[in-house]
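Chemist: take a look and give me a structure for this.
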Amino acid sequence: MTNAHDPIALFRASAARWPGREALRAAEGAFTYARLDRWSDAISRVLIRSGAGRERIALVAHKRPGTYAAILGILKAGCSYVPLHPDGPAARWERMIATCGARFLLGEGPDITGTKRLPIPGPDDPFIGAADVPAGHEAYVLFTSGSTGGPKGVSVSRTNLGAYLGHLLSTHRLNEHDRFTQFFALTFDLSVHDLFVCWGAGACLCVPLPEGHGMRAAAFAREEKITVWFSVPSLPALLLRMRALTPGSLPTVRHAFFCGEALTWPVARAFANAAPDATLVNLYGPTETTIAITAYGIGRDAPDQAGPVPIGLPFPGHKAMLNNEELCFSGPQLSDGYIGLPEANAEAFPVIGGERWYRTGDRARMDPDGTLHFLGRTDHQVKVAGHRVEPGEIDTVLTPLLQGGKAVSVAVEKAGTARLVTFIDVPADIPALLSACRAQLPPYMVPERVLQLDSIPLTAHGKTDRQRLIVLAQHG
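Modeler: Residues are numbered from 1 along each chain as shown. You can find the predicted model right below:
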């Protein structure tokens, strides 16, 4: 990576070249590169004056202009950001902050013991010019669901991120006239693509209202004249079911990226028909490999089949291998690993043949030309709206409330979307169980239903029969 692909170097270059162009457009108004640059400088100064130095800053990740300015300000101060889901819950925030050791908290929300809340200055508040601070090592820490009952913090460096940005910006024809979607939650690593690929091109990031996501996404894209679309595949699948993804309905889109879930050929064909001038790219990559690490370009002659689109080839400078069908990667985008979990790091990031690899836990097959096809998981992890969910984390929350009973959570497909269902084998207060989930888990991990059985079904080998539970959930 060259310094030119550092996220702040990219933003500063765009601000210097196009100061009067819109960098951010949200419900609160539009912000030019010059104004967002000054605002983030002010936030950087607040952090520096408070004694923050190359450390992690917790950030309540509301999709508001001040949050975007804060991400830039945190990085400008040589620090890294730890986004917290704005809906909490506070108990999860506390675990995350305790894990990452953040001393400072930016944004609105409950106070967290051991952190100092810092004010975010207004966009036009006067301030003394920002200090010239060397870039820190780490860019951000994102927490993923953990199979042992708690979230795991993944540390991603600015070098990892720069490798990704360098590839995307050099591969695709992006420019200062583009207008990017920002559908992803800022606690989801795909949002990092939204921000810094956009700002690296000098383009405008368009943030929808909450109702602008979902069924209104196509209307939002038309209203904002979106040229670069990025979403999980379940979003266009929803639009297709609601008859909102009609031929020619996305006339301004010229690039469309999909990631986070399996993209199917029918959805890809429908999107290609809706955006006839767009190039479509299916991206793949766990958080540990920095946003995405493989790509598959979808031609206009997409095959008339119903299966998943391939996940493609690794980015240049990266390698893939299959170890008993498990997909593994090496290369500069491999993150530093999990915070404070040496055993998990040793298992997930083994050194093989003198190189550090990441074991994805995904099953795949490889064509003779190296093209990869996703086949599923080697464990019980599932994707819900693109978010990684370990069902065992839900079960860990509920089991202590069952007085010796057992909880087993599974994901079922319904109308193209994964939905969580939990089974228990003892009588219980179902509303109280769901309330406990809402108090300790992010919204996307709260099960849609909790169903009681006389006993949890077992396989012939005495293990939980998850396939049987999935069938019961589909019909129960």
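
Chemist: OK, contacts around the residue nearest to residue 386 when sequence neighbours are not counted?
Modeler: Closest residue to residue 386 apart from its sequence neighbours, by Cβ to Cβ, 6 or more residues apart in numbering: residue 260 at 3.0 Å. From N, CA and C alone the C-beta is placed, and that goes for glycine too. Residues near residue 260 by Cβ atoms under 8 Å, 6 or more residues apart in numbering: 188, 190, 232-233, 383, 385-387.

Chemist: just the residues you listed: which are in strands?
Modeler: Assigned to strands by DSSP state E, the following of those qualify: 383, 387.

Chemist: output the contacts of residue 260 as TSV; include the columns distance to residue 105.
Modeler: Putting the contacts of residue 260 into TSV (distance: Cβ to Cβ, whole Å) gives the following:
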residue	distance to residue 105
188	20
190	24
232	29
233	34
383	29
385	26
386	26
387	23
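
Chemist: care to break the protein down by domain?
Modeler: Annotated domains of the chain cover 3-298, 390-475 [automatic domain parsing].

Chemist: which one, of the ones you listed, ends up nearest to residue 364?
Modeler: Evaluated with Cβ to Cβ, the domains of the chain place domain 3-298 nearest to residue 364, the distance being 9.3 Å.

Chemist: start to end distance for the closest one?
Modeler: One end of domain 3-298 to the other measures 32 Å (Cα to Cα, to the nearest Å).

Chemist: swap in stretch 138-157?
Modeler: Counting by Cα to Cα, you get 4 Å between the two ends of stretch 138-157.

Chemist: any buried residues in that stretch, and which?
Modeler: Of the residues in stretch 138-157, those buried by neighbour count under the rule 16 or more other Cβ atoms under 10 Å are 138-147, 150-157.

Chemist: which of the domains of the chain sits most buried?
Modeler: Sort the domains of the chain by mean neighbour count, taking mean count of other Cβ atoms under 10 Å, and domain 3-298 sits at the top with a mean of 20.

Chemist: follow-up on the earlier one: where among the domains of the chain is average confidence lowest?
Modeler: When the domains of the chain are compared on average pLDDT, domain 390-475 comes out lowest at a mean of 86.

Chemist: ends of it, what's the gap?
Modeler: The distance separating the two terminal residues of domain 390-475, taken as Cα to Cα, comes to 23 Å.

Chemist: now swap in stretch 414-432 and tell me
Modeler: Its start and end residues considered, stretch 414-432 measures 25 Å (Cα to Cα).

Chemist: helix, strand or coil for the residue nearest to residue 386?
Modeler: Secondary structure state of residue 260, per DSSP: H, G, I helix; E, B strand; the rest coil, is coil.

Chemist: so how far is residue 422 from it?
Modeler: Counting by Cβ to Cβ, to the nearest Å, the gap between residue 260 and residue 422 amounts to 23 Å.

Chemist: contact partners for residue 125?
Modeler: Taking Cβ under 8 Å, 6+ apart as the definition of contact, the neighbours of residue 125 are residue 42.

Chemist: which helix or strand contains it?
Modeler: Secondary-structure element containing residue 125, defined by DSSP states H and E: none, the residue being outside all helices and strands.

Chemist: can you tell me how far it is from residue 104?
Modeler: Distance, residue 125 to residue 104, using Cβ to Cβ: 19 Å.

Chemist: so what's the backbone phi/psi at residue 46?
Modeler: phi -60, psi -40 (degrees, to the nearest 10).

Chemist: excluding chain neighbours, what is closest to it?
Modeler: residue 118 (5.7 Å).

Chemist: please apply the same query to residue 165.
Modeler: Spatial nearest neighbour of residue 165, excluding adjacent residues (Cβ to Cβ, 6+ apart): residue 5 at 5.0 Å.

Chemist: then residue 345?
Modeler: Leaving aside its chain neighbours, residue 345 sits nearest to residue 337 (4.1 Å; criterion: Cβ to Cβ, 6+ apart).

Chemist: wait, that neighbour touches residue 350, no?
Modeler: No - no contact is recorded between residue 337 and residue 350 when judged using Cβ atoms under 8 Å, the distance being 11.4 Å.

Chemist: so between these two, which is more surrounded?
Modeler: A direct count of neighbours by other Cβ atoms under 10 Å for residue 337 and residue 350 places residue 337 higher, at 20 against 14.

Chemist: beta partners for the more buried one?
Modeler: Taking DSSP bridges as the rule, residue 337 bridges to residue 155.

Chemist: cool, and residue 26?
Modeler: Each beta-bridge partner of residue 26 is listed here: residue 29, as defined by DSSP bridges.

Chemist: pretty sure it is touching residue 64, no?
Modeler: Yes - under the contact definition of Cβ under 8 Å, residue 26 touches residue 64, with a separation of 6.9 Å.

Chemist: what is the mean pLDDT for stretch 334-351?
Modeler: Over the span of stretch 334-351, the pLDDT mean works out to 96.

Chemist: which positions within that stretch qualify as buried?
Modeler: For stretch 334-351, the neighbour count (16+ other Cβ under 10 Å) marks 334-339, 341, 344, 348-349 as buried.

Chemist: which one of those is nearest residue 58?
Modeler: Here the nearest of these to residue 58, counting by Cβ to Cβ, is residue 339; it sits at 13.2 Å.

Chemist: look up phi and psi at the closest one.
Modeler: Residue 339 adopts backbone torsions of phi -70, psi 120, taken as degrees, to the nearest 10.
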